[in-house]
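1. What follows is a predicted protein model with its sequence.
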Amino acid sequence: MALHAFSSALEVAAAIAAREVSPVEVADFYLSRLDRLNPGLNAATWRRDEEVRREAVAAEDRLMRGEASGAFFGVPVPIKDLIAVEGWPITFGSRAFEDQVMSFDATVISRMREAGFIFECRSNTPEFGILPVTENALWGATRNPWNTDHTPGGSSGGAGSLVAAGIAPIAHASDGGGSIRIPASCNNLVGLKPSRGRVSTGPLLTEVMHGFVTEGCVSHTVADSAAFCDLISAPDPTAWYNAPAFDRPLLEEVGVAPGRLRIAYATQPPSGVPVAAECIAAVERTAALLADLGHEVFEDAPVWPDPEQAVAPFLNVWNTGMAYWGVEDLEKVEPLSRELGRLATTVDSLKYIESLALLQTLTRQIVSAWGERFDLLLTPTLAGEPPRVGSLFEGAEEDVLAPMMKAADLCAFTPLFNATGQPAISLPMHIGAAGLPVGIQLVGKPWGEAELIRVAAQLEEAAPWRERHAPGTE
């Protein structure tokens, strides 16, 4: 196999296993692309080139001795700057933590090591992963390879930019309100958000924000995302709860006929904000394709919650993120984070429990539509195309919460399913007239990743997206 910038991670791993290419050649190939392309993207914030090459040499030695193991043996992968890696700096995209070094691996990182990955670099994120654009005061703005005037999304925007530019075949990501799905949509990538309880947030925590936050990846293919979910989804016996195990590995669902499913589609979000024409077109195109594939496709949606009833409780839970980062001095963080931290202190314990109870009630109402009226829900991933870098911060000097209000409009379709805990996947089904990627979101029933993967793979075969690459990245 000749190395190609847009090979999938599984393809790279298979070529290494077959000794068609060496781990050292793979490492040097992607590091050279990092040298060439990252200066214009600002997607990687911290590099470890010498260690990467040393680990690649060790991997090659193990390969030649017949001791290679793991589904992604020798494959380079960027790690988002929100997760603990032993011996690595972790800043959370914040000047408050620019000197912090971690003393342990998160459970997800341990499982990635066992799978044979070589950790390439840190990928950029907005401060504390708050926004759907990757811009912060510490590292600056990350840009979209498809058009560097625009954002690659967030909060896993560094990850999305690196994979879309062919600087890595796959990248670690996380999602607390859409942060895997959003950069997937913005960068012509696949992004699977697993179900609540599917992926361990250990070793310290059972859950983050009551399971709103989960881990995953952005990738070029459905198979890569399925295989990555398989490796990070092993049950955690020390956690308070785990999602039910898959009947078989998700990777084995790729290519399995999903049967005739009832697929509802909705182009208007719960908040009622206007949706861009290109995002609607992406859904309508996908709905027509799904019908051609034999599914029963119709316009419908669950009973969306009243925004006046649901937004405040959601924010009361989501806004506790500062407690997980351990910020001691709010004066050291950006104005938006500082204000959100201040607002979090205004919610007492009774109001917090009331918010959780209401969200659980709303979840039961919403999820009841799955199975009763439809099997899968199709929506736009975002309500708009990738915005210009800096645009979310316009007006922030007058209103510190302005970026959050704009973010809520842009991300009108994603956070609800962090609250309900359902699996959801963004697929790169459309390129808009401006040349920017536009994704669609498929939402499954609780613990229904297998069905999502079957349909996603069916769409991937019917409307291949891998031949589309960002300009200038060949």
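-> Thanks, I have it.
2. For residue 52, pull up the helix or strand it's in.
-> helix 49-64 (DSSP states H and E).
3. got the angle for the following helix or strand past that helix vs helix 49-64?
-> The C-terminal neighbour of helix 49-64 among helices and strands, as given by DSSP H and E, is strand 76-80. Per axes from the mean of the first three to the mean of the last three C-alpha atoms, to 10 degrees, the angle that strand 76-80 makes with helix 49-64 is 140 degrees.
4. List the buried residues for the helix or strand just after strand 76-80?
-> If you walk from strand 76-80 toward the C-terminus, the next helix or strand you reach (DSSP H and E) is helix 107-114. Under the neighbour-count criterion of 16 or more other C-beta atoms under 10 Å, helix 107-114 has 107-112 buried. (C-beta placed from N, C-alpha, C; glycine too.)
5. on that earlier part again, name the surrounding residues that touch the helix holding residue 52.
-> Contact with helix 49-64 is made by 16-17, 19, 22-24, 26-28, 31, 68, 73-74, 76, 116, 118-120, as judged by C-beta atoms under 8 Å, 6 or more residues apart in numbering.
6. Which members of these are positioned in strands?
-> Mapping the contacts of helix 49-64 onto strands (DSSP state E) picks out 76, 118-120.
7. ok, and the most crowded of these?
-> Comparing the ones in strands among the contacts of helix 49-64 by number of neighbours (other C-beta atoms under 10 Å), residue 76 comes first, having 28 neighbours.
8. nearest residue to that residue other than its sequence neighbours?
-> Of all residues not flanking residue 76 in the chain, residue 120 sits nearest, at 4.1 Å (C-beta to C-beta, 6 or more residues apart in numbering).
9. How about residue 312?
-> Closest residue in space to residue 312, ignoring its immediate chain neighbours: residue 355 at 7.3 Å, by C-beta to C-beta, 6+ apart.
10. coming back round to it: for the residue nearest to residue 76, what are its contacts?
-> Contacts of residue 120 by C-beta under 8 Å, 6+ apart are 30-31, 34, 44, 47-48, 52, 76-79, 168.
11. Try it again at 10 Å.
-> Contact analysis of residue 120 by C-beta atoms under 10 Å, 6 or more residues apart in numbering lists 27, 30-31, 34, 44, 47-49, 51-52, 75-79, 162, 167-168, 171-172.
12. Next: residue 156.
-> Residues in contact with residue 156 (C-beta under 10 Å, 6+ apart) are 78, 80-82, 123-126, 129, 132, 134, 162-163, 171-175, 178-184, 187, 191, 216-218.
13. From residue 333, how far off is residue 66?
-> Between residue 66 and residue 333 the distance is 50 Å, computed by C-beta to C-beta, to the nearest Å.
14. for residue 301, that is, sorry about that
-> 37 Å.
15. Likewise for residue 463?
-> Look at residue 463 and residue 333: by C-beta to C-beta, they are 43 Å apart.
16. Looking at the two, which one has more neighbours?
-> Neighbour totals were compared for residue 463 and residue 333, and residue 333 leads with 24 against 14 (other C-beta under 10 Å).
17. Residue 189 touches residue 429, doesn't it?
-> No. Between residue 189 and residue 429 there is no contact under C-beta atoms under 10 Å: 11.7 Å.
18. Name the residues contacting each of these two.
-> The contact lists of residue 189 and residue 429 share 437, 439, 465, where a contact means C-beta under 10 Å, 6+ apart.
19. okay if I get the residues you listed as a markdown table plus distance to residue 257, secondary structure and pLDDT?
-> Below are the shared contacts of residue 189 and residue 429 laid out as a markdown table (distance: C-beta to C-beta, whole Å; DSSP: H, G, I helix; E, B strand; the rest coil; pLDDT from 0 to 100):
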| residue | distance to residue 257 | secondary structure | pLDDT |
| --- | --- | --- | --- |
| 437 | 28 | strand | 98 |
| 439 | 24 | strand | 98 |
| 465 | 21 | coil | 98 |
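20. thinking again about what came up before, neighbour count for residue 189 and residue 429, which is higher?
-> Each of residue 189 and residue 429 has its neighbours counted (other C-beta under 10 Å); residue 189 has more, 32 against 23.
21. can I assume residue 182 is in contact with residue 151?
-> Yes. With contact defined as C-beta under 10 Å, residue 182 counts as touching residue 151 (9.3 Å).
22. what touches both of these two?
-> What both residue 182 and residue 151 touch, as defined by C-beta under 10 Å, 6+ apart, is the set 131-134, 157, 160, 386, 410.
23. Among these, which one has the most neighbours?
-> Counting neighbours by other C-beta under 10 Å, residue 157 comes out on top of the shared contacts of residue 182 and residue 151 with 37 neighbours.
24. do you know how far that one is from residue 332?
-> Going from residue 157 to residue 332 by C-beta to C-beta gives 23 Å.
25. what does residue 169 give?
-> Taking C-beta to C-beta, one finds residue 169 at 36 Å from residue 332.
26. In terms of neighbours, single out the busier of these two.
-> A side-by-side neighbour count of residue 169 and residue 332, using other C-beta under 10 Å, places residue 169 first with 28 against 14.
27. Contacts only, for that one.
-> 3-13, 26, 30, 72, 75-77, 162-163, 219-221, 224.
28. Tell me which of those fall in helices.
-> Those of those mapping onto helices are 9-13, 26, 30, 162-163, 224, per DSSP state H.
29. Switch the residues you listed over to TSV; also include distance to residue 340, pLDDT and neighbour count.
-> TSV is the format used below for these (distance: C-beta to C-beta, whole Å; pLDDT from 0 to 100; neighbours: other C-beta atoms under 10 Å):
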residue	distance to residue 340	pLDDT	neighbour count
9	35	98	28
10	39	98	22
11	41	98	19
12	39	98	27
13	40	98	26
26	41	98	24
30	36	98	26
162	27	98	35
163	29	98	34
224	34	99	28
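30. Throw these into TSV and include distance to residue 39, thanks.
-> Output for these, formatted as TSV (distance: C-beta to C-beta, whole Å):
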residue	distance to residue 39
9	24
10	29
11	27
12	24
13	28
26	22
30	15
162	13
163	17
224	27
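31. Is it correct that residue 175 is in contact with residue 129?
-> Yes. Contact criterion C-beta under 10 Å: residue 175 and residue 129 qualify, at 9.2 Å.
32. Between the two, tell me which one has more neighbours.
-> Each of residue 175 and residue 129 has its neighbours counted (other C-beta under 10 Å); residue 175 has more, 29 against 25.
33. Now do the residue most central in space within the chain against residue 329, distance only.
-> Centroid-nearest residue in the chain, with C-alpha atoms, centre = their mean: residue 180, separated by 1.3 Å. Remark: distance between residue 180 and residue 329 (C-beta to C-beta) = 30 Å.
34. same deal with residue 252?
-> Taking C-beta to C-beta, one finds residue 252 at 49 Å from residue 329.
35. so who does the residue of the chain most remote from its centre touch?
-> Within the chain, residue 65 marks the point farthest from the mean C-alpha position, 36.0 Å out by C-alpha atoms, centre = their mean. Counting by C-beta under 10 Å, 6+ apart, residue 65 makes contact with nothing.
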